[in-house]
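Kindly return the folded structure for what I paste below:
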Amino acid sequence: MYRVTTFLVMIVVPFTATSHHSNAEYDFEVIEEFEGQVLELSWRNPHVRLSLRSVGSDGSEIIWDLEAQAANNMARRGLSPDLIEPGDIVRIAGHPSRRRSSMYLTNVLLQNGTEIKARGDTEPRWSTEYIGFEQPTVATRPINDEEADGIFRVWVPAERFRNPNLPLTDTARADKEAWDSVTDDPQIGCQPLGMPGAMFSPHPIEFIKDGENIILQLEEWESVRTFHMNPDISEQSSPATRMGFSIAHWEEETLTAASRLVVTTTNIDYPYMDEHGTPQSEAVEVVERFSLSLDERTLRWTAIVTDTGTLTEPFVAYTTRWEWAPGEEIQPYDCAIR
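Numbers count the residues shown, from 1 in each chain. I've put the predicted structure just below:
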């Protein structure tokens, strides 16, 4: 039995709080406000983006690059691109970049006085007329016999936890510190995340039966994972991929879970453990546990990562709680390069 590093500090991220590339450049301890004219609008994944022209305190013109959440998550809250048009004068609030004229948007006040919520954990700032503050409708009633099919449904993330206490080797820590979120993040170029970071997503997931195997479809990047239920299948017959090779099995029901799916993934060809540039090697192994609650409305996930190339010991890297949202569907993911 190996020792698993425990959570000394937990980072809690609500479902719609952030999208899924690194936002390390933004100062989330600071909120700034200003007014300006919209120059361009890109309503695409992985982030909705606005170009805004404002005037600085010295009278000089400033062109801002403003970043909001993913288009899919904005749409789920009733927001659409026709709310904002080039030429509009808007008031915005958000978290400023530490390095450039950029901001992670929290609120937008439109010309008609309507306020838009552009980040999941924000509150109205200026108006009693606001939109985008709704959360996905999750099930609060008991599941009925027709709906009961174990994990084989669409799930939306309700809480996500990332362990910040990375047991990195000195070399891996230096590589992580040298990583630049503006120039080195592959998602900026619409390159999908690999395992295990791909699972730490603010978008829905869906489990699908595929003969004796299980397909896990991730809305973000339209990624697909196959869980092989035959333990005799070897990874050696498959080339390494960004999602890796996964063998899975069911554990017996327990007092706290209706069912539990255990997945071991190896053969991962992806250089980063997460969207923050944490390095990983070819030796990485991820053991996941998907635990379905007794009332079958909640799915909990933990991921233990072992990597002798970059970690001094195995550790619990992620946990997530998903909720069943009746009627929710996986949406297409349309990414646009900045």
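
Might you report the residue contacts of the closest residue to Ala336 other than its chain neighbours?
Closest residue in space to Ala336, ignoring its immediate chain neighbours: Arg44 at 3.6 Å, by C-beta to C-beta, 6 or more residues apart in numbering. Every residue, glycine included, has its C-beta placed from N, CA and C. Residues in contact with Arg44 (C-beta atoms under 8 Å, 6 or more residues apart in numbering) are Ala71, Asp334, Cys335, Ala336.

what does Phe245 give?
Here Phe245 is in contact with His228, Glu235, Ser238, Thr265, Thr266, Asn267 (criterion: C-beta under 8 Å, 6+ apart).

Now which of the contacts of Arg44 would you call buried?
Among the contacts of Arg44, those classed as buried by neighbour count (16 or more other C-beta atoms under 10 Å) are Ala71, Cys335.

So which of the contacts of Arg44 are in helices?
Ala71 (DSSP state H).

what's the average pLDDT for stretch 113-128?
Taken as a whole, stretch 113-128 carries a mean pLDDT of 84.

Quick check: buried residues in that stretch?
Buried, per 16+ other C-beta under 10 Å, within stretch 113-128: Glu115, Ile116, Lys117, Ala118, Arg119, Gly120, Thr122, Arg125, Ser127.

Between the contacts of Phe245, which sits nearest Trp301?
Thr265 (12.9 Å; C-beta to C-beta).

if we can go back for a sec, in helices only, show me the buried residues of stretch 113-128.
Per DSSP H, the buried residues of stretch 113-128 never map to helices.

Could you tell me the end-to-end distance of stretch 70-88?
For stretch 70-88, the first and last residues are 21 Å from each other (C-alpha to C-alpha, to the nearest Å).

same question but for stretch 253-265, I mixed them up
End-to-end distance (C-alpha to C-alpha), stretch 253-265: 22 Å.

Okay, buried residues for it please.
For stretch 253-265, the neighbour count (16+ other C-beta under 10 Å) marks Ala257, Ala258, Ser259, Arg260, Leu261, Val263, Thr264, Thr265 as buried.

Return the members of the contacts of Phe245 classed as buried.
Buried members of those, counted by 16+ other C-beta under 10 Å: His228, Glu235, Thr265, Thr266, Asn267.

Identify each buried residue in stretch 315-330, please.
Applying 16+ other C-beta under 10 Å to stretch 315-330 flags 315-325, 328, 330 as buried.

Output these in JSON lines; the columns should cover pLDDT, distance to Pro81 and secondary structure.
Listed next are the buried residues of stretch 315-330 as JSON lines, based on pLDDT from 0 to 100; distance: C-beta to C-beta, whole Å; DSSP: H, G, I helix; E, B strand; the rest coil:
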{"residue": "Phe315", "pLDDT": "96", "distance to Pro81": "41", "secondary structure": "strand"}
{"residue": "Val316", "pLDDT": "97", "distance to Pro81": "39", "secondary structure": "strand"}
{"residue": "Ala317", "pLDDT": "96", "distance to Pro81": "35", "secondary structure": "strand"}
{"residue": "Tyr318", "pLDDT": "96", "distance to Pro81": "32", "secondary structure": "strand"}
{"residue": "Thr319", "pLDDT": "96", "distance to Pro81": "34", "secondary structure": "strand"}
{"residue": "Thr320", "pLDDT": "97", "distance to Pro81": "29", "secondary structure": "strand"}
{"residue": "Arg321", "pLDDT": "96", "distance to Pro81": "31", "secondary structure": "strand"}
{"residue": "Trp322", "pLDDT": "95", "distance to Pro81": "28", "secondary structure": "strand"}
{"residue": "Glu323", "pLDDT": "93", "distance to Pro81": "28", "secondary structure": "strand"}
{"residue": "Trp324", "pLDDT": "90", "distance to Pro81": "29", "secondary structure": "strand"}
{"residue": "Ala325", "pLDDT": "85", "distance to Pro81": "24", "secondary structure": "coil"}
{"residue": "Glu328", "pLDDT": "88", "distance to Pro81": "22", "secondary structure": "coil"}
{"residue": "Ile330", "pLDDT": "95", "distance to Pro81": "21", "secondary structure": "coil"}
